[in-house]
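Everything below, folded, please.
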Amino acid sequence: MREEDKRIAKNTLIVYARLIITTVLGLASMRLVLAALGKSDYGLYNVVGATVIMFSFITSALYNTTTRFINYEQGKSDGNVNRIFNMSIVIHVCFAIVALLILESVGVYYIHNYLNVEPGKEADAMFVFQVSTIVTCLSLISVPFNSLFIVHEDFRTIAIIDIAGAIAKFALILALSYYGGNLLRFYALSMAFVTALTSVAYYLSACKKWPRTTKFNFIKERNKYKDMLVFNNYSLLSAAALLFRNQGSNIVINYFFGTVINAAYAISYAVQGYITTFVGNFDIASAPQITQNISRGNMDRTILLASSTCRVCTLLTLLLLFPIYCELPFILHLWLGNSMPESTVTFCKCTLLVALVSATSGGITQLIRGTGNLKWFSIQFAVLYVLALLISIGLYKAGFPPYTVILSYFIADAVSRCIQIYLLHRYIKLDINSFVQKSYLRPLGVFVCGVTYVLLSESFNAEQSLWHIANFLIACLFMAASVYYIGLYKEERNTLLLYIRQRLTHNKER
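Residues are numbered from 1 along each chain as shown. Purely as a prediction, here's the structure:
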């Protein structure tokens, strides 16, 4: 196994260990929060948070830009990472000021005039909004420091900080049941406090680990910022389109159906988020190697990494998706109890489909960012997603059900993937047939196996809890076997077995 592959495998194990812990705490937290706040307040928190997140797309875009340019500079033999880092700091501070101005004008206007909340909750909505605004601006400024950990592949520190943050959030959520005041405001302050604390932890750790890189040195030459700003503008466009899909849907649903349906959407979005985060961690672990190989001009290795990442991301999604889909009503009831809002099961089934098509972008997104040519990738992405939202609004006016917007984005994402692959063929001479076969052919076989199992399991109509648990475990084993024997190549299976044997031998010796 190549040293690069070993490093990706090690980083993947670390990020998944982090993910398992944070996911367990997150799932437990959501049930406690939903029970403490109630369906309406929980929906209110999410829709007001969505109002702020609609503008935090700047954070996502800047994060992608900073990580890409620092990574690219790191791959050069004569790269100056400190220069890129300091340019990023200046850009982030400027965008934080812009975000603050927009939020305190457009955001406040929206809260006062268009937010659909229960009478008497207007002050709580504004309080949550102002707290979220402060956290958004702080997060913007801290992005360059967070990016350094990805660039240097220091996933261990990321895991420690994120796990500590998840434990702190869980502890504060437990305190909700003992607090006698306004629970919604207490929850908003608690989440903001942990987010701020996490940002400070990343800042202090980065300064300690890489003092030369983080040493401030104002770059005065305007032309030095041009490439980053051009890249960021297109990255900003993509991030804004993605937020139209995720948070724009939340606001539109609130307008047509109210906060209770917002709560159902928020739960389904959280389920999708856990799956895409689980899969995305592998994509993140491979990102530094893809970008740095591009900067070295090693395109064959780059495309191989991208196709392998794409296939593994899709396989991981299939591994999770079908067991969850088989027993979704049982899992949701076990998780949320009687607090589960109406339409939650339907929303979750739709978002599982979205998670699957989203996973097919694994490796492709990193390949696009690494080339630095974002223009048409971003434009097609934005056009499709804005159209999907506008079409959904029209369908809602015609009386279509709440989950319509999710299905619209499922179609838009599938079309976008086809366009992305075609554009990569034009720009870097990507062999479409070869890439599609290596990335999607084996996952397609696993998908057929999963659909077959779902159809067979639905022919049984048992109500006992023991049956549901057994069916979920059998589905997990069946999908794991399908991924292992159909999704992986023979050499990959041998490498995996060898790695497991080595780890078991190492543990015994210890």
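
quick one: contacts for the closest residue in space to Ile150 that isn't next to it in sequence?
Spatial nearest neighbour of Ile150, excluding adjacent residues (CB to CB, 6 or more residues apart in numbering): Thr67 at 5.4 Å. The way it works is simple: take the backbone N, C-alpha and C, and place the C-beta from them, glycine included. Thr67 makes contact with 147, 150-151, 287 under the criterion CB atoms under 8 Å, 6 or more residues apart in numbering.

Among the residues you listed, find me the one that's closest to Leu184.
Nearest to Leu184 among these is Ser147, at 33.0 Å by CB to CB.

how many neighbours does that closest one have?
Ser147 has 25 neighbours, counted by other CB atoms under 10 Å.

Pass me the low-pLDDT residue ranges in the stretch 1-150 of the chain, would you?
Applying pLDDT under 70 to the stretch 1-150 of the chain flags the ranges 1-16, 19, 49-61, 75-79.

How are the strands of it distributed by residue range?
Along the stretch 1-150 of the chain, counting by DSSP state E, counting those that start in this stretch, no stretch forms strands.

ok so, going back, farthest-apart pair in the contacts of Thr67, please.
Ser147 and Ala287, at 11.0 Å, using CB to CB across those.

tell me, how many neighbours does the nearest residue to Ser249 once chain neighbours are set aside end up with?
Nearest in space to Ser249, with sequence neighbours left out and distances taken as CB to CB, 6+ apart, is Val405 at 4.6 Å. Val405 has 26 neighbours, counted by other CB under 10 Å.

ok, Val405 touching Asn254?
No. At 11.7 Å, Val405 does not count as touching Asn254 under the criterion of CB atoms under 8 Å.

Find the residues that touch each one of the two.
By CB under 8 Å, 6+ apart, no residue touches both Val405 and Asn254.

Under the pLDDT cut-off, which ranges of the stretch 301-450 of the chain? List them.
For the stretch 301-450 of the chain, no range has pLDDT under 70.

What segments of it are helices?
Applying DSSP state H, counting those that start in this stretch to the stretch 301-450 of the chain gives helices spanning 328-336, 344-359, 364-371, 375-397, 404-428, 432-436, 442-458.

For these, please prepare CSV with the additional fields distance to Arg18.
Shown next, in CSV, are these (distance: least, CB to CB, whole Å):
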stretch, distance to Arg18
helix 328-336, 21
helix 344-359, 19
helix 364-371, 20
helix 375-397, 29
helix 404-428, 27
helix 432-436, 30
helix 442-458, 25
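
winner for burial among these?
Among the helices of the stretch 301-450 of the chain, the stretch with the highest mean neighbour count (mean count of other CB atoms under 10 Å) is helix 364-371, at a mean of 23.

Ile219 sits in which helix or strand?
Using DSSP states H and E, Ile219 falls within no helix or strand.

Touching, it and Ser88? I think so.
No. Assessed by CB under 8 Å, Ile219 is found out of contact with Ser88, at 10.0 Å.

And the two? Which one has more around it.
Neighbour comparison, Ile219 and Ser88: the larger count goes to Ser88, with 26 against 16 (by other CB under 10 Å).

any idea how far the more buried one is from Phe129?
Per CB to CB, to the nearest Å, Ser88 is found 28 Å from Phe129.

now Ala263
Using CB to CB, we find Ala263 at a distance of 18 Å from Phe129.

cool, Leu488 as well?
Leu488 is 47 Å from Phe129, by CB to CB.

So for the two, which sits in the more crowded spot?
Of the pair Leu488 and Phe129, Phe129 is the one with more neighbours under other CB under 10 Å, namely 21 against 18.

What distance do you get for the nearest residue to Val345 once chain neighbours are set aside to Asn262?
Excluding the flanking residues, the one nearest Val345 by CB to CB, 6+ apart is Pro329, at 5.2 Å. For Pro329, the distance to Asn262 equals 21 Å [CB to CB].

next one: Asn71
37 Å.

average pLDDT across stretch 209-224?
For stretch 209-224, the mean pLDDT works out to 81.

Using PDB, list the CA coordinates for it.
Extracted in PDB, the C-alpha atoms of stretch 209-224 (Å, rounded to 0.1, in the frame of the first residue of the first chain):
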ATOM      1  CA  LYS A 209       1.300  24.000  16.200                       C
ATOM      2  CA  TRP A 210       2.200  26.300  13.300                       C
ATOM      3  CA  PRO A 211       3.500  29.600  14.700                       C
ATOM      4  CA  ARG A 212       5.300  30.500  11.500                       C
ATOM      5  CA  THR A 213       2.300  30.000   9.300                       C
ATOM      6  CA  THR A 214      -0.100  31.900  11.700                       C
ATOM      7  CA  LYS A 215       2.300  34.800  12.300                       C
ATOM      8  CA  PHE A 216       0.400  37.900  11.000                       C
ATOM      9  CA  ASN A 217       2.000  39.700   8.100                       C
ATOM     10  CA  PHE A 218      -0.300  42.100   6.300                       C
ATOM     11  CA  ILE A 219      -0.100  41.500   2.500                       C
ATOM     12  CA  LYS A 220      -0.500  44.900   0.800                       C
ATOM     13  CA  GLU A 221      -0.300  44.000  -2.800                       C
ATOM     14  CA  ARG A 222      -3.900  44.000  -4.200                       C
ATOM     15  CA  ASN A 223      -3.100  41.800  -7.100                       C
ATOM     16  CA  LYS A 224      -2.200  39.000  -4.700                       C
END
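
Give me the contact list for that stretch.
With contact meaning CB under 8 Å, 6+ apart, stretch 209-224 is reached by 81-83, 85-87, 89-90, 145, 148, 152, 154, 157, 206-207, 225.

name the element the spatially most central residue of the chain belongs to?
For the chain, the residue sitting closest to the mean C-alpha position, by CA atoms, centre = their mean, is Thr277 at 4.9 Å. In this assignment (DSSP H and E), Thr277 forms part of helix 259-295.
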